[in-house]
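*Asks:* Would you be able to build a 3D model of this:
(2 chains)
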2 protein chains.
Amino acid sequence: MTVIEWCGDSVRLIDQSKLPSEESYIQTGDYRVLVDAIRSLKVRGAPLIGIAAAYGVALAAAKFDGEEYYSFRDHCATAIRELASTRPTAVNLFWSLERMRNVLERGTTIESVRKALVSEALRIHHEDREMCRRIGEYGASLVPQRSTILTHCNTGALATGGDGTAQSIITTAHKMGKTVNVFADETRPLLQGARLTAWELMKAGLDVTLITDSMAASLMKQKRIDLVVVGADRIASNGDVANKIGTYNIAVIARHHGVPFYVAAPSSTIDITIASGDQIPIEERSAQEVTEGFGRRTAPVGVRVYSPAFDVTPASLVTAIVSERGVHTPPYDFKKTISDHD
Amino acid sequence: MTVIEWCGDSVRLIDQSKLPSEESYIQTGDYRVLVDAIRSLKVRGAPLIGIAAAYGVALAAAKFDGEEYYSFRDHCATAIRELASTRPTAVNLFWSLERMRNVLERGTTIESVRKALVSEALRIHHEDREMCRRIGEYGASLVPQRSTILTHCNTGALATGGDGTAQSIITTAHKMGKTVNVFADETRPLLQGARLTAWELMKAGLDVTLITDSMAASLMKQKRIDLVVVGADRIASNGDVANKIGTYNIAVIARHHGVPFYVAAPSSTIDITIASGDQIPIEERSAQEVTEGFGRRTAPVGVRVYSPAFDVTPASLVTAIVSERGVHTPPYDFKKTISDHD
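*Replies:* Predicted coordinates for the structure are as follows:
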């Protein structure tokens, strides 16, 4: 399974909305198809959205058929704007497009910028693969020799350019020979846990049990969960974490039961421009995802629905944050963490 | 809408598994059809199961076509056993069947016992209607003049012989002129909140918003929930509450956010023979309800599933229990409560 790849003048990516019943691929030379794929969650997961968006800019540049440099720049800038408008919460999207914009602004000829944009997108993808590997290694040190882990949503290869973030911790611990059992929350409304995480973990040979989101507290009461690992879509300077709806719910019940709660994310997820989670915009999704998400209507016609895509977990409920730069514990000093390495 | 009624020699009841897309009814003279309807959740809700089971015994008696009294008694006893085997957790089922068994054991002739069983079943139904009314009145006193209530699963007319338990509190407060907004958890895996509660509350003219089970914590953090009301399938002597899976989850997050958590149930739900919730057997449901609950498979083939139908909320997380006998607060003395009235 190759989740996403650059094919010279097109991008090929797995259509995640068809999983697990069908493993089908989208291949396109049109960045607008990627815009639609991101918006409709055919491609999702904060790091992977960043990679897809970068390839989108490279595609827009490759397909420009004029000769005038300023028109080329305008064309690419439009593509960046459209790609940036797809999802409001994941910061990796903006971070990745910012890198592409910097390349665009440093350029002078169409041909050189085209090449540079492709290189930058490939670099973002490559760095992400490396980032997953390092998060997995740092995070696996937190996993006891025998343990049962609860995870939420999907944070695996299907969410990143490599082996995942939170999920990379699970699979790395497994590869190191630790005995790891996993409970995967189904993750309503879009069931990324049931459709994607359970599928990926079974493929990787792990022992995985699927539950509904409402069963996690009951499991913790029975002392059947040793630790929680989840991903993040945006982390504020103070350590507040925006992630898939339901994450905050788990953080509260984990604290109530004394279960460690770990967040894994690339440092590009950390947004040092915002002080706290209150400043993170939360995308609201359509009612349909709740009322008829899976082929058949399961709620009365006309019912009002509230469906935030994300929630914010306050730093006080997070045991540690694992990035490719290490295991960060409170009080966080992300400004220092990031500048030390840049 | 008549949820369940005795029609002389048959029982007519709404098929809840078809709601909200179709309002269709089952009419049967065969108690085995009721056994199947209870097992397959066409009829559900702890008090309503008790009523359906009582009518089932009355049907078995009505349809017995022999003349020998001891065969008649055996036939009815078999029906009671089969009806009792449908669901293990709800205590109302056993309580109701116990009343029918007492009538059976006191009898001497087929004809007199037939009549007495019908009378007892109608009495159970009538008492339940009264019980709903009184729970609604006692509970409404706990609802502030303007408030937003979170509820879980279905506890309305579709769960009882009257206007419901927890839901009767909501509709009674509404009828009293209080401004009541409701958030209804969809209640995975079987979506009783989305399919039944949202439908009933909309029909009753209430302001209802549907959420997934994972969104409740986020709403509480935003201070958008003033109180929680839920039902119960069994309550132990110490006040521990077994109810639909996900209830304990809400109780934990309600406590974390300082939101009052009320349980509403008829006193027949209180099982004074058990000391604590640890002794309540928890039914496990089939994997299919999680993996293909929406009409289409949404999880990998062969994935392991853990699907308890209920969880147990410790008394320490319950603000008060509302029964038809009043508002009970800890420390509970249910033995006294019940014997005072019997």
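*Asks:* which element is the residue in the stretch 1-150 of chain A that chain B sits nearest to on?
*Replies:* Ranked by Cβ to the nearest Cβ, the top residue of the stretch 1-150 of chain A for proximity to chain B is A:Pro20, at 4.4 Å. C-beta here means a position set from N, CA and C on the backbone, and glycine is covered the same way. Using DSSP states H and E, A:Pro20 falls within no helix or strand.
*Asks:* ok, it touching B:Glu292?
*Replies:* No - counting by Cβ atoms under 8 Å, A:Pro20 stays clear of B:Glu292, with 11.9 Å between them.
*Asks:* Show me the common contact partners of the two, please.
*Replies:* In terms of Cβ atoms under 8 Å, 6 or more residues apart in numbering or on different chains, A:Pro20 and B:Glu292 are both contacted by the residues B:Ala299.
*Asks:* The two: who's more crowded?
*Replies:* A:Pro20 (21 against 14; other Cβ atoms under 10 Å in any protein chain shown).
*Asks:* can you pull the pLDDT of the more buried one?
*Replies:* At A:Pro20 the predicted local distance difference test score is 90.
*Asks:* likewise A:His126?
*Replies:* pLDDT for A:His126: 96.
*Asks:* Name the SS class of it, please.
*Replies:* State at A:His126, reduced to three classes by DSSP: H, G, I helix; E, B strand; the rest coil: helix.
*Asks:* The nearest residue to it once chain neighbours are set aside: what's it in contact with?
*Replies:* Residue nearest to A:His126 in three dimensions, not counting chain neighbours: A:Gly161, with 7.6 Å by Cβ to Cβ, 6 or more residues apart in numbering or on different chains. The contact partners of A:Gly161, by Cβ under 8 Å, 6+ apart, come to A:Val3, A:Ile4, A:Pro47, A:Leu48, A:Ile51, A:Ile124, A:His125, A:His126, A:Asp128, A:Arg129, A:Cys132.
*Asks:* which one of those residues has the most neighbours?
*Replies:* A:Pro47 (32 neighbours).
*Asks:* how far out from the middle of the chain is the helix or strand containing that residue?
*Replies:* In this assignment (DSSP H and E), A:Pro47 forms part of helix A:46-63. Remark: helix A:46-63 is offset 15 Å from the chain centroid, using Cα atoms, centre = their mean, to the nearest Å.
*Asks:* And that helix, what does it pack against?
*Replies:* Applying 3 or more Cβ pairs under 8 Å, 6 or more residues apart in numbering or on different chains; DSSP states H and E, one finds that helix A:46-63 makes contact with strand A:4-6, strand A:11-14, helix A:31-39, helix A:69-84, helix A:91-106, helix A:110-140.
*Asks:* and that helix, which residues are buried?
*Replies:* Of all the residues in helix A:46-63, those buried under the rule 16 or more other Cβ atoms under 10 Å in any protein chain shown are A:46-62.
*Asks:* try stretch A:125-144
*Replies:* Buried, per 16+ other Cβ under 10 Å, within stretch A:125-144: A:125, A:127-128, A:131-132, A:134-140, A:142-143.
*Asks:* ok, so of those residues, who is nearest A:Arg32?
*Replies:* The nearest member of the buried residues of stretch A:125-144 to A:Arg32, counting by Cβ to Cβ, is A:His125 at 20.6 Å.
*Asks:* hang on, the closest one packs against A:Val11?
*Replies:* No - using Cβ under 8 Å, A:His125 is not in contact with A:Val11; the gap is 10.6 Å.
*Asks:* list residues touching both of the two?
*Replies:* Counting by Cβ under 8 Å, 6+ apart, the common neighbours of A:His125 and A:Val11 are A:Ile4, A:Tyr55.
*Asks:* By mean pLDDT, which helix or strand of chain A comes out lowest?
*Replies:* None of the helices or strands of chain A scores lower by mean pLDDT, DSSP states H and E than helix A:334-341, at a mean of 72.
*Asks:* tell me the domain ranges of chain A?
*Replies:* Domain ranges of chain A: A:4-133, A:142-341, per automatic domain parsing.
*Asks:* Can you say which of these is packed in most?
*Replies:* Across the domains of chain A, averaging neighbours per residue (mean count of other Cβ atoms under 10 Å in any protein chain shown) puts domain A:142-341 on top, at a mean of 22.
*Asks:* wouldn't A:Leu158 be in contact with A:Asp15 here?
*Replies:* No - between A:Leu158 and A:Asp15 there is no contact under Cβ under 8 Å: 10.9 Å.
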